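Asker: Show me how the following folds:
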Amino acid sequence: QLRLVESGGGLVQSGGSLRLSCVGSGVSLDYYAIGWFRQAPGKEREKVACISFEDGRTFYTGSSQDRFTVSRDRAYNSVYMNIHNLKSDDAAIYYCAARAGSGDICYERTMDFWGGGTPVTVSS
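Answerer: Residues are numbered from 1 along each chain as shown. Predicted coordinates:
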């Protein structure tokens with residue numbers, strides 16, 4: 001059974017940067033697509049980015065491609081997301097999720113495993 005644990009969230013000043021981590025355990029993340037999603041208070045969860053763990057291909061939503069960078073480290077069975085120039089709208093709980101199969105497409109309804117999330121707060 002795959003288990004995902006996010007970390008790296010916290011309080012960051014507007015304009016600052018943050019690196020979120022998603023560590024997989026129990027199963028290798030090879031042959032999974034890993035997605036980053038976020039949910040702000042009072043809003044629906046939305047997709048931020050997706051990465052094919054096998055070959056590193058990435059997909060970003062239109063609003064995230066300029067300030068978000070996703071990468072993976074096969075040695076640590078982990079996926080990372082760097083967020084630059086944080087804005088107040090970035091405040092949310094960030095989740096990573098895994099979908100069995102190749103490719104860099106991550107639809108929320110198709111994700112098989114979810115982490116518990118890590119909160120990001122942005123101060124002005």
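Asker: Residue 38 contacts residue 93, doesn't it?
Answerer: Yes - using C-beta atoms under 8 Å, residue 38 makes contact with residue 93 at a distance of 6.6 Å. Just so you know, the C-beta spots here come from the backbone N, C-alpha and C atoms, and that holds for glycine as well.
Asker: Settle it for me: which of those two has more neighbours?
Answerer: residue 38 (24 against 17; other C-beta atoms under 10 Å).
Asker: List the residues that contact the more buried one.
Answerer: Residue 38 sits next to 45-46, 48, 90, 92-95, 120 when contact means C-beta atoms under 8 Å, 6 or more residues apart in numbering.
Asker: So for it, what's the nearest residue that isn't a sequence neighbour?
Answerer: Excluding the flanking residues, the one nearest residue 38 by C-beta to C-beta, 6 or more residues apart in numbering is residue 92, at 3.9 Å.
Asker: Can you name the residues bridging to that neighbour?
Answerer: Beta-bridge pairing of residue 92, defined through DSSP bridges, involves residue 120.
Asker: so what pLDDT did it get?
Answerer: pLDDT, residue 92: 98.
Asker: The one 3 residues further on too?
Answerer: The per-residue pLDDT reported for residue 95 equals 98.
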